[in-house]
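1. Any chance you can model this:
(one chain, ligands or ions: 1)
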Amino acid sequence: ANNGYDLWLQYKKVENKQLLKEYTENIQAIQFFGNSETIKTALKELNIGLSGLFDNQNLFENDSPKNHLLVFGSESQLDTTYLNLIKTELSKVKKDGFVIKQIQLNGNSQIVISAKTDVGVLYGVFRFLRELQINNSLKDINIVDSPKIDVRILNHWDNLDRTVERGYAGFSLWNWHTLPDYIDQRYIDYARANASIGINGTVLTNVNANALILTPQYLEKVKALADVFRPYGIKVYLTARFSAPIEIGGLKTADPLDADVIKWWKDKTAEIYNTIPDFGGFLVKANSEGQPGPQNYGRNHVDGANMMAEALEPFGGIVMWRAFVYSEHDATDRAKQAYSEFVPYDGKFKDNVIVQVKNGAIDFQPREPFHPMFGAMPKTPLMMEFQITQEYLGFSTHLVYLPKLYEEVFETDTYREGKGSTVAKVVDGSLHNKKITGVAGVTNIGNDINWTGHHFLQANWYGFGRLAWNPHLKSEDIADEWIRQTFTNDENFIIPIKKMMIQSRETVVNYMNPYGLHHIFDTGHHYGPGPWVGSLPRPEWNPTYYHKADGFGLGFNRTKTGSNATAQYAPEIAKMYNDISTTPEKDLLWFHHVSWNHKLKNGYTLWDGMALKYQEGVNEVEDMISLWNSMEQYVDSQRFKEVKMMLNIQLKEAKWWRDACLLYFQQFSKQDLPNGVEKSS
Ligand code: GCU
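-> Modelled structure (predicted):
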């Protein structure tokens, strides 16, 4: 049985006999240089990996001659003979990047893995193991790869009572009760999984922060986790509740310009670094959704962020200040608030502040146009915040391959420095020469046996890490790697399943939010449909606020005749979205209030076309099911059955979405369903 616990680190015996022969001939012994914890960790992983892949527990213990070595160590430790043979490659490595190269020495081929740092060596070792897992040949292997992003970080929305906000895969991994003395094997496996894809940071706690995490009793537990993660190159960060000086510090105010408050944060920060010398820094949600922040004291985001940044500066820590802000005071269009509140402060933040921006201006919808802040703050580092957990995408029940969504965002052109100014170039810092870069992902993991609830959603954690390392990668290549490592190298499985994964994102858009519809989820839990909800006290919580269905048509007019949110984009983009005929149909109802009888590009009216899209989504889930059912021979029985059950739930719910939305909107369109759309039962 395979319960999925091992993720993409399955290290199953290489089935292809010829390749296995090539691998075992090329790796007869291991030689390593250096003795840091990270180097020892790399050795440990190689032992786990190779003994699995070669199905040999007594690996390297026989006395046959060992001519072909696998050699690893960082630039400063590696023997000069090896160093000289990889000099050119090593000079191309940046930061924690690495080299993997086959060299010839004394008539024998050897494989060398090296880097400028020990963590780079560890990444190289994981990459090497991946090459074997995905069955690449080692012949003339010569890989140089460096991360394009500095801070590649998971955001856990985990509460101290182990519930997880918007978490659908069990409870929090962090057992605050048994920490610091009990180290769960999960912590180590979590670190392995993250390091294998280059993730180098983790925020342990919810953005809706509880100040208690900053008390000595908890910091001791945080330290225990930091100690586990350190050899894997993972730094620990915490969310900092803005009102902590009041709640745990006994002060009367949390005003960021108050001398006692400033001192409190300085002392607290020093205390943290005293406990955890490589602590990463703070993630802050301030003045959003009722959270405290500088505006409570008549101050602004810069005052708040810079005060904390100053406390962290002597220790090399950073502040990730979130731009997810909205309030009922800007009731005309919530989509505009973050840009309005932040862009005027461009250039005012301290160097160790990075503003963390969600991929879209509303909230992790199945599809959103890119957030207009990307590209609009040339002097301020902006990091991307993606959601890996599927708050608005069917939780851990629906199979949706999210790297496709991430890729779509990264590839979009902001036009801020002319054509080609993609979001990826904003985020990797190259467009405006940024000093720090980052990509954050709100995790989808919990203590479910398989970590993510649904086996296929492990791919979203994996793909997030790969894209945080390099936002220019293709989601399709990532899916290929993931399938090979997680399931099998058999093309009969890979080709159709990869196609299914790639399609799955558009499928969920089709049956939930086609043509730019958004935020029509039932209130609070955001799971099923709720387009009819319209009586919540805050206008921008109501789905009716977003779809604006009436007798004329459907959609939110954000053009210059409406909320004018389009003006927050570069002129090229604004022009495109202001005109219904140049607006991509995938974003139609995001930007326009469109007549039910508007002719779509396919010739159907909006009403008919929308109804058919909902049906298309349902049909596509049916196709996923028949495909999966034909794949039984390639998958172990437990994972096969579990995925099958999930897909059947997904089908029921795709129909639920179709029926609920069409019946509701039909009250406004007053038109029959077109041929081809199944009537609800
Ligand atoms: C969404 C989500 C909240 C979360 C918030 C945030 O609104 O529903 O649970 O706290 O995003 O990102 O801060």
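2. was I right about Trp469 contacting Arg152?
-> Yes. The pair Trp469 / Arg152 is scored as a contact, 6.1 Å apart, by CB atoms under 8 Å. For every residue, glycine as well, the C-beta is placed using N, CA and C.
3. who touches both of these two?
-> Contact criterion CB atoms under 8 Å, 6 or more residues apart in numbering; residues shared by Trp469 and Arg152: Gly198.
4. More neighbours: which of the two?
-> Arg152 (28 against 22; other CB atoms under 10 Å).
5. does any bit of the helix or strand encompassing that one sit next to the ligand?
-> Using DSSP states H and E, Arg152 sits within strand 151-155. No. On the criterion CB under 6 Å from any ligand atom, strand 151-155 is out of touch with the ligand, staying 8.9 Å away.
6. now the stretch 201-350 of the chain, which segments are flagged as low pLDDT?
-> 328-331 (pLDDT under 70).
7. at 90 instead, please
-> Residue ranges of the stretch 201-350 of the chain with pLDDT under 90: 326-332.
8. residue ranges for the helices of it, please.
-> 216-229, 244-247, 259-275, 301-312, 337-342 (DSSP state H, counting those that start in this stretch).
9. Show me what the first one is in contact with.
-> Helix 216-229 has contacts (CB under 8 Å, 6+ apart) with 160, 174, 176, 179-181, 183, 187-188, 191, 202, 204, 212-213, 235-236, 238, 271-272, 275-276, 278-279.
10. And for the second one?
-> By CB under 8 Å, 6+ apart, the residues outside helix 244-247 that reach it are Ala211, Leu214, Arg241, Leu251, Lys252, Thr253, Ala254, Asp260, Val261, Trp264, Trp265, Lys268.
11. So which elements touch the strand holding Arg152?
-> strand 201-203, strand 318-322, strand 438-442, helix 458-469 (3 or more CB pairs under 8 Å, 6 or more residues apart in numbering; DSSP states H and E).
12. Now the buried members of the contacts of helix 244-247.
-> Ala211, Leu214, Arg241, Leu251, Ala254, Val261, Trp264, Trp265, Lys268 (16 or more other CB atoms under 10 Å).
13. Adding distance to the ligand, write the residues you listed out as TSV.
-> Below are these laid out as TSV (distance: CB to the nearest ligand atom, whole Å):
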residue	distance to the ligand
Ala211	16
Leu214	19
Arg241	13
Leu251	25
Ala254	19
Val261	23
Trp264	24
Trp265	21
Lys268	23
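14. Tell me how far stretch 277-292 lies from the chain's centre.
-> Distance of stretch 277-292 from its chain centroid, counting by CA atoms, centre = their mean, to the nearest Å, is 18 Å.
15. Start and end of it, how far apart?
-> 28 Å (CA to CA, to the nearest Å).
16. So for the helix ranked longest in the chain, what gets flagged as buried?
-> Secondary structure of the chain read by DSSP state H shows that its longest helix is helix 637-669. For helix 637-669, a neighbour-count test (16+ other CB under 10 Å) marks 639-640, 642-643, 646-647, 650-651, 653-655, 657-662, 664-665, 668-669 as buried.
17. From those residues, list the ones also adjacent to the ligand.
-> Of the buried residues of helix 637-669, not one also sits near the ligand (CB under 6 Å from any ligand atom).
18. residue contacts, the residue in the stretch 501-650 of the chain that the ligand sits nearest to?
-> Going by CB to the nearest ligand atom, the ligand is nearest to His526 of the stretch 501-650 of the chain, at 6.4 Å. Under the criterion of CB under 8 Å, 6+ apart, the contact list for His526 reads Glu391, Tyr392.
19. So what touches the strand holding Arg152?
-> Under CB under 8 Å, 6+ apart, the answer for strand 151-155 is 194, 198-203, 207, 237, 280, 283, 318, 320, 354, 383, 385, 388, 436-443, 465, 468-469.
20. that older thread, now render the buried ones among the contacts of helix 244-247 as CSV, adding distance to Tyr11.
-> Output for the buried ones among the contacts of helix 244-247, formatted as CSV (distance: CB to CB, whole Å):
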residue, distance to Tyr11
Ala211, 42
Leu214, 39
Arg241, 41
Leu251, 52
Ala254, 49
Val261, 51
Trp264, 48
Trp265, 45
Lys268, 43
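21. What is the burial count for the closest residue to Gln485 other than its chain neighbours?
-> Nearest non-adjacent residue to Gln485, counting by CB to CB, 6 or more residues apart in numbering: Trp8, 4.0 Å away. Residues near Trp8, counting by other CB under 10 Å, number 23.
22. Okay, the residue positioned nearest the centre of the chain and the ligand: tell me how far apart.
-> The chain has Gly441 as the residue nearest its centroid, 3.3 Å off, counting by CA atoms, centre = their mean. Going from Gly441 to the ligand by CB to the nearest ligand atom, to the nearest Å gives 12 Å.
23. I figured that residue hits Met383, correct?
-> No. The criterion here is CB under 8 Å, and Gly441 misses it with Met383 at 10.8 Å.
24. Tell me the residues of the stretch 251-400 of the chain that contact the ligand?
-> Lys285, Ser288, Phe324, Asp363, Glu391.
25. How about the contacts made by the fourth one?
-> Each residue near Asp363 by CB under 8 Å, 6+ apart is listed here: Phe324, Glu391, Tyr392, His519.
26. Look at it and report its pLDDT.
-> Looking at Asp363, its pLDDT reads 96.
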